[in-house]
Structures are given as structure tokens and as C-alpha cells.
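**Q** Just a sequence and a predicted model for now, questions to come.
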Amino acid sequence: MKAPQYGDMPAEDFRKYGHELVDMMADYFENIETYPVLAQVKPGDIKKQIPDAPPETGEDFSEALKDIQRIIMPGVTQWNHPNFHAYFASTASAPGILADLVSSSFNANGMLWKSCPASTELEGQVVGWLRQMIGLDDKFWGIIYDTASVSTMHAIAAARESVAGYKIREKGLTGSGVPPLRLYTSEHAHSSVEKGTLALGMGLEGTRKIKTDNEFKMIPAELENAIQEDITKGFLPFCVVATLGTTSITSIDPVEEIAAICKKYNLWLHIDGAYGGVASIVPEMRHLIKGCEYADSFVVNPHKWLFVPFDLSVLYTSKPEALKMAFSLVAEYLKTAEDSSVQNLMDYGVQLGRRFRSLKLWFVIRYFGRQGLAERLREHMRLAKEFGEWIDSHSVFERMAPVPLSAVCFRAAPSKEMSVEELNTFNEKLMNEINSTGKVFISHTVLNGKFTLRFVVSGLRTEKKHVDIAKNIFDNVLSKIKY
Ligand code: PLP
């Protein structure tokens, strides 16, 4: 059906196409394993099928639905595929997808309490649920943003706002006379930390990278030395970012020792638990959250390893007033009669408009329950450990890092005669050939100059049989590459 002359699609057409679309997506999930995990298209393949100019008059909506299969699907890398083992898999669960439908239908903007009371109040409650699930201290208040990069940037802004004695909010970094500010994080921290100091006017030199030990964890003594050295050079240390599950190897920084240093030098401590933060939902992994009670802020991404469709990141802070000081700016037209008795979430960040994101976290937690989520995470960690043991017992593969969570770093070392460069080239080729099978998708990192393959188990649909499929493919491809 085409659009009527005025107004939206009639309800009966919405119902018809809605049912068709849900059927199409249910089929997609039922047949997910038949799609290549990594999109097998070349740059430009999708673009050339989409007209350069928009249609002058409306088209039959069923044509657009057909084009999902015909044009779009071949260019989709299947993040929901059980053999997606690259990056950190972000898988969409059915309850989360359905919640997104509700959220888009309401299309409510939660900038103010008044602009959608349900959005603000559900968000407060549901981030409280997640906080309890991961065992974070109840002094933490939470807010939803889109991504961990944005959450971390907001945490750094709050840390900067907490630097006493300068009017940074009023006068900015140049006008306030504040010495060059310095943030510390491990050499394995995510690039979002540096992007945070970059975005907030402190430049790349605003971040100083701290060395890690042989398990890729930040070395506290190196942190303290760096802080002391910077103080003597005229820098003003203001923040440390520790990571709970680094991107490349999922290493876990020693939070308690880092927290003690932060206390000594009066520095804001932010924890990046974007991926690893959810692991403490599993009771026997509760120890991971130890020390986080001393932090000032903590980020966790339910869109990474908690089956909430992209995007949803939660920033917790024990100092929401610092966040508010950093960002609150209330225009006349945004003032409401309830301002003194409610929280207007626009006050706690750069953005004004806010999607009703809490619905999908709410649906996911209610559908699976804490226990159901814990069981899934536990199984992922078990499968990763098992895969790590397979690597350890393999005659060609070798493990490159411990496996504290659900990612395994490894490489092939087919001959003792090969140089580091030859091994790097070999492993890059191996990864590309594995990925071009379309049956499994892995990614890489470089550890101490060595090209390293990463195998992550964090997909909602990944079971033991999928890990076995991956092992067979690895062996098969390995046997075909000459060295
Ligand atoms: N922090 C860590 C440890 C990550 O691994 C990532 C992404 O993989 C991020 C932050 C950034 O996450 P986002 O894509 O939500 O910005």
C-alpha cells in the first residue's frame, strides 16, 4: 500500500506490515546460521543498488520490505550469529527488540520529567536494578547514554568539574588559568578515554598511558610514579580510568590499589566496565566488583554482553551533582513547575533529547531474570575457558594472555624458525582466510608487537556446538596455509 494523501500509514496497514515484518525477523533468527557471519560484499556494492535521488512520490511499502532481503541483508555483518566471535559481540534479544518497537512507537523524548514521566522514572528504577545485579554500592546513581564512549566522556567532564579552585565551567580551560590537566589510564585502555580528553579540550596529552604487567594489568607503582613526575613538571593530575575487562585481552586492573592512589592524590576514579562490568552478575564472579565502591564513576554497557539491542550504556556516579554542574544549562522554555521536585535528565549531559532506552533494559531483565542472565554469562565464560584449554593443548596454536572473562587471545606458531614478522604475516593471513569462510568471524589485536587473534564468546545464541564448529574451521584453514 502507498501512503494516503495526508497523515501516516493507516492503522490496518501498520498492523499488516508489522505482522509481516515480525514474521520476517522471526525467520531471520530461525535461519541466522545460514547467513555468512561477515558480510561478503565489496565497498560500494550496497550503495550502487540505492538510487542517488529520493522517490518523488511514495512507493508501495512492500517494495521497501523486499529490499531489506534483496539489498540490505547481503551487506549486514551478522552480529546476532552464534559464530560471531569478533570484538565484543553485541547481540539483540527478542524482548529487547520488542521494547525498541514500543520505544519507537511512543517516540517520547525524556529530556524533562514532564516531557515523559515514565521514561525518567523507569530509567531511575531500572538502572537501580542493574546496579544491584552487578553488586555496585548503593551510593551510585545511574543514567543511560548511548555508548560507553559517551558515558566515559561525561565522567571525565564531571571529574574536570570537580577540580577545585578554578572556574573551568565559566571561563573554560584557557581562561581559568588551570595548569594542564592530566588523566591516567593503562596502555590497554579503550581509545574512548583518549577521545574523552580530546573532546573536552585537554588534547591527547591530557591522557597519560601507564605501563601494564605481564598479565596486561595497570601497574599501580608506575601510576604513582607518573603522577609524582607530572606534579613536579607542573601538570595537574585530576582523574584515573581503570578498566574492568580491557578491549584487547579483557585484563582487569587492580582497582583497590589504584583507588588508594586516587585517594592519596585526590583524583577522580572512573571504572570502564563497558564489557566486563556485567560479569559480576554471576555470583562466583562477584569479586570483580571489589574496590569499585571507592570509585567516583563506573560505566557498563548492557548492549555489549547483556543482550540489550544496540545502543544502551549506563554511567553510574556517586557524584551526580558534579555531572549536573558540568552540563546543566536550563533555557527558559525548558523550565517546568516540577523542577524542584523531579530530576530532569537533560541536566546530566550534553544531549537534550533522550530516547526511551530504559524500556529495552527493563524488558530484557524481566524476561531473563537475574538468574537467567547469570547462567548465560557463566556459560560463556565456561566455553571461553574450554576454548583456551583447547588452544593450550594444540600443537600449533599458543595462548597469548590469561582468560579472566570470555575472550581468548591466541596465535598460530607453526614453526620455531619463523621470525616475529613472519608469524605476524602468517596470523593475519590465517585470520583473513578464517573470516572469508563466512562461517565464523574473529578479530585481532597486537600484543607486545605480536599479531594476536581474539576469540570472544559473548553472543546470546552461542553454544558449545558453535565453539566446536569454530575449532574445526581453525584447524581446517590452518592446514591449508603454507609457511
Ligand atoms: N570500553 C571498552 C573496554 C570497550 O571494549 C569499548 C568497546 O568495545 C568501549 C569502551 C566503547 O564502547 P562504545 O562502543 O559503547 O562506545
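**A** Structure received.
**Q** how close does the residue lying closest to residue 283 once chain neighbours are set aside get to residue 83?
**A** Nearest non-adjacent residue to residue 283, counting by Cβ to Cβ, 6 or more residues apart in numbering: residue 374, 6.9 Å away. C-beta here means a position set from N, CA and C on the backbone, and glycine is covered the same way. Using Cβ to Cβ, to the nearest Å, residue 374 is found at 24 Å from residue 83.
**Q** what does stretch 134-147 rub up against?
**A** Applying Cβ atoms under 8 Å, 6 or more residues apart in numbering, the external contacts of stretch 134-147 come out as 123-124, 127-128, 130-132, 151, 154, 192, 273, 277-278, 280-281, 286, 289, 292-293, 298, 300-301, 303, 311-318, 320, 323, 345, 348-349, 354, 357-358, 361.
**Q** give me phi/psi at the residue nearest to residue 283?
**A** Residue 374 adopts backbone torsions of phi -60, psi -40, taken as degrees, to the nearest 10.
**Q** Residue 207 now?
**A** According to degrees, to the nearest 10, residue 207 has phi -110, psi 130.
**Q** list the contacts for it?
**A** 182-185, 193-194, 196-197.
**Q** swap the cut-off to 7 Å and go again
**A** 183, 185, 193-194, 197 (Cβ atoms under 7 Å, 6 or more residues apart in numbering).
**Q** Also residue 318?
**A** Contacts of residue 318 (Cβ under 7 Å, 6+ apart): 139-140, 296.
**Q** Between residue 374 and residue 83, which is the more surrounded one?
**A** Legend: neighbour count by other Cβ atoms under 10 Å for residue 374 and residue 83, higher for residue 83 (26 against 20).
**Q** on that earlier part again, please check the contacts of stretch 134-147 and keep the buried ones.
**A** Neighbour-count burial (16 or more other Cβ atoms under 10 Å) is assigned, among the contacts of stretch 134-147, to 123-124, 127, 130-131, 151, 154, 192, 273, 277-278, 280-281, 289, 292-293, 298, 300-301, 303, 311-318, 320, 323, 345, 348-349, 354, 357-358, 361.
**Q** restrict the residues you listed to those near the ligand?
**A** Applying Cβ under 6 Å from any ligand atom, the subset of the buried ones among the contacts of stretch 134-147 adjacent to the ligand comprises 192, 301, 313.
**Q** Next step: the residues you listed restricted to helices.
**A** Those of those mapping onto helices are residue 192, per DSSP state H.
**Q** For the ones next to the ligand among the buried ones among the contacts of stretch 134-147, give me TSV that also has pLDDT.
**A** Output for these, formatted as TSV (pLDDT from 0 to 100):
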residue	pLDDT
192	97
301	98
313	98
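**Q** can you tell me which of the ones next to the ligand among the buried ones among the contacts of stretch 134-147 lies nearest to residue 90?
**A** Nearest to residue 90 among these, counting by Cβ to Cβ, is residue 301 at 8.2 Å.
**Q** Contact residues of the stretch 251-400 of the chain facing the ligand?
**A** With Cβ under 6 Å from any ligand atom as the criterion, the stretch 251-400 of the chain meets the ligand at residues 272, 274-275, 301, 313.
**Q** Kindly recompute the last result at 8 Å.
**A** Proximity of the stretch 251-400 of the chain to the ligand (Cβ under 8 Å from any ligand atom) is limited to residues 272-276, 299, 301, 303-304, 311, 313.
**Q** which one of those sits closest to the ligand?
**A** Taking Cβ to the nearest ligand atom as the measure, the ligand lies nearest residue 274 of those, at 3.5 Å.
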